[in-house]
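>>> Fold the following and give me the result.
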Amino acid sequence: MRNEKKNSLLFPGISQIMKSAMPYHFGCTVWSLPEWVGTFFKKDTRPGEYLKQYSSVFNSVEGNTTFYGTPGVETIRQWGANTPDGFKFCFKFPKEITHEKRLHNVENEVKRFVHSFDDIRDKLGPFMIQLPDAFAPGEISKLEEMLSYLPKTLAYSVEVRHADYFDHGKHEHNLNALLSSYGVDRVIFDTRKLHATRSNEQSIREAQKKKPKVPVRFEALGSRPVLRYVGTNDKLNNEAYLKEWGIIVADWIKEGRHPYVFIHSPDKVSQPMLNTYFHELLSELIKIPELPDWPVNREAQLGLF
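Numbering: from 1, shown residues only. I've put the predicted structure just below:
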C-alpha cells in the first residue's frame, strides 16, 4: 500500500492502471520528443521530466537508443527511478552485435550488454534482436549459438528481414522451430500501410526509404508476441489496420499471451495519439483499464480549479 501511494504521487494518472493490471504493454518508439511539450507533455516540461510524464500514461517503450550504444549504469538507474512499477523497457541489441559482427563470436558483448540492465531487471520487457536484411538462413547457426548462451531469466524477440524467412516453407519453419525451442518470440513488423501510401510528407517519404517491406505474419510464436506497426501520421488512414490488429491482439490476450505493441508514426509526433487510439479500439473488444489522461490534459484540468 505504501509503494502504491508513493507511485500515485510520482506518477499521477498511473494509479488507474495499477488498480487493475494491464493485460498488455504498449507505447511509442521514443519517450523524449521535444515536440510533445504542450501537446502531450505539460507546458514548460524540462527534458529531465520527459520519461516520468511519458510513463504516467504508457507502460512500455521501444529502447532504440541502445542500438547505437550501451548507456552508463547511472543513466540506466535514472531510467528505472523515473518509471513506475510495471513499466517495461524493450531495449534493442546494439548494432555492433547484430549488424557489424552479425552474431559472430559475440558472447562477451552480449552478456556485457544484457547485464548492464541488472539494476532495472524488473522493468525489462523482451530484448529486441533485429537482424540485418542480408542475414540469410545460411547464417542461422550463429543465431542458434547466441540463443544458447542468452541468460534464461530474461525475455527476447527476434526480428528478421531476409525474404527467405518468409517463404512459408523450410527456412521459415526452421526459424520458427528454433525460436520456439528457446522460448523466444518473433517480432511482427507491419509496414503495409506505410508502403501503400502516396504522400509528399517528408517524414513518410523518409520512412518509406528506411523501413523494410516484408510480408506480415499474424501468428504469435510464444507468450510475449511483439508487434511493431508503422503507418501514416494520422488516425483515419491507420484505422482499418489498427482495428485489424486490435482483433488479433485481443485474441492473443484471450489465449493467455501478454503482447507488446508499438505503434509508430513516421513523424514521431503523432505516436501518443495513435497509441491512445489503438488502446481505445482494443477496449471495445476486451475489458482493459482506462488509459490515464495525458499530462497536458491533467494540467489543463488543474487549471480549472
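
>>> Distance-wise, check residue 71 relative to residue 53.
20 Å (CB to CB, to the nearest Å). For the C-beta atoms, the positions are set from N, CA and C on the backbone; glycine is no exception.

>>> For these two, work out which one has more neighbours and name it.
Neighbour count, other CB atoms under 10 Å: between residue 71 and residue 53, residue 53 has more, with 24 against 16.

>>> State the three-state secondary structure for that one.
Under DSSP: H, G, I helix; E, B strand; the rest coil, residue 53 falls in the helix class.

>>> Poorly predicted segments of the stretch 201-305 of the chain, please.
Applying pLDDT under 70 to the stretch 201-305 of the chain flags residues 300-305.

>>> in it, which spans are helices?
Listed in chain order, the helices of the stretch 201-305 of the chain (DSSP state H, counting those that start in this stretch) span 202-210, 239-254, 271-283, 295-303.

>>> In TSV: those, plus mean neighbour count and distance to residue 35.
Output for these, formatted as TSV (neighbours: other CB atoms under 10 Å; distance: least, CB to CB, whole Å):
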stretch	mean neighbour count	distance to residue 35
helix 202-210	14	12
helix 239-254	18	22
helix 271-283	20	10
helix 295-303	14	12
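
>>> what about those, which gets the closest to residue 46?
Smallest distance to residue 46 across the helices of the stretch 201-305 of the chain (CB to CB): 12.6 Å, for helix 295-303.

>>> re earlier: now the helices of the stretch 201-305 of the chain in TSV, with distance to residue 140?
Shown next, in TSV, are the helices of the stretch 201-305 of the chain (distance: least, CB to CB, whole Å):
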stretch	distance to residue 140
helix 202-210	25
helix 239-254	26
helix 271-283	33
helix 295-303	45
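
>>> Can you say which of these is nearest to residue 148?
helix 239-254 (27.5 Å).

>>> Assumed residue 172 was part of a strand.
No. Using three-state DSSP, the assignment for residue 172 is helix, not a strand.

>>> Please name the residues that touch it.
Residues in contact with residue 172 (CB atoms under 8 Å, 6 or more residues apart in numbering) are 164, 165, 166.

>>> Now the buried members of those residues.
Applying 16 or more other CB atoms under 10 Å to the contacts of residue 172, the neighbour count classes 165, 166 as buried.

>>> for the contacts of residue 172, which one is nearest residue 214?
Using CB to CB, the contacts of residue 172 come closest to residue 214 at residue 166, 6.2 Å.

>>> and the residue lying closest to that closest one once chain neighbours are set aside, how many neighbours?
In space, and not counting its chain neighbours, residue 166 is closest to residue 215: 4.4 Å by CB to CB, 6 or more residues apart in numbering. A count of nearby residues for residue 215, using other CB under 10 Å, gives 13.

>>> Was I right to think residue 215 contacts residue 165?
No. Applying CB atoms under 8 Å, one finds residue 215 not in contact with residue 165, separated by 9.4 Å.

>>> show me the contacts for the spatially most central residue of the chain.
Nearest to the geometric centre of the chain sits residue 62, at 3.9 Å (CA atoms, centre = their mean). Neighbouring residues of residue 62 by CB under 8 Å, 6+ apart: 27, 28, 29, 30, 90, 92, 128, 228, 262.

>>> start to end distance for stretch 224-240?
Terminal residues of stretch 224-240 lie 24 Å apart, using CA to CA, to the nearest Å.

>>> tell me which residues in it are buried?
So stretch 224-240, judged by 16+ other CB under 10 Å, has buried residues 224, 225, 226, 227, 228, 229, 230, 231, 232, 233, 238.

>>> how about the helices of the stretch 1-150 of the chain, start to end?
Taking DSSP H, counting those that start in this stretch as the test, the helices found in the stretch 1-150 of the chain are 2-10, 15-19, 50-54, 73-81, 95, 107-115, 140-149.

>>> Check the ones you listed for me and report the most buried one.
helix 50-54 (a mean of 21; mean count of other CB atoms under 10 Å).

>>> Just the C-alpha atoms of it, please, in PDB.
What follows is helix 50-54, C-alpha atoms only, in PDB (Å, rounded to 0.1, in the frame of the first residue of the first chain):
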ATOM      1  CA  TYR A  50      10.000  13.600 -20.100                       C
ATOM      2  CA  LEU A  51      10.300  10.000 -19.100                       C
ATOM      3  CA  LYS A  52       8.300  10.400 -15.900                       C
ATOM      4  CA  GLN A  53       5.500  12.100 -17.700                       C
ATOM      5  CA  TYR A  54       5.600   9.600 -20.600                       C
END
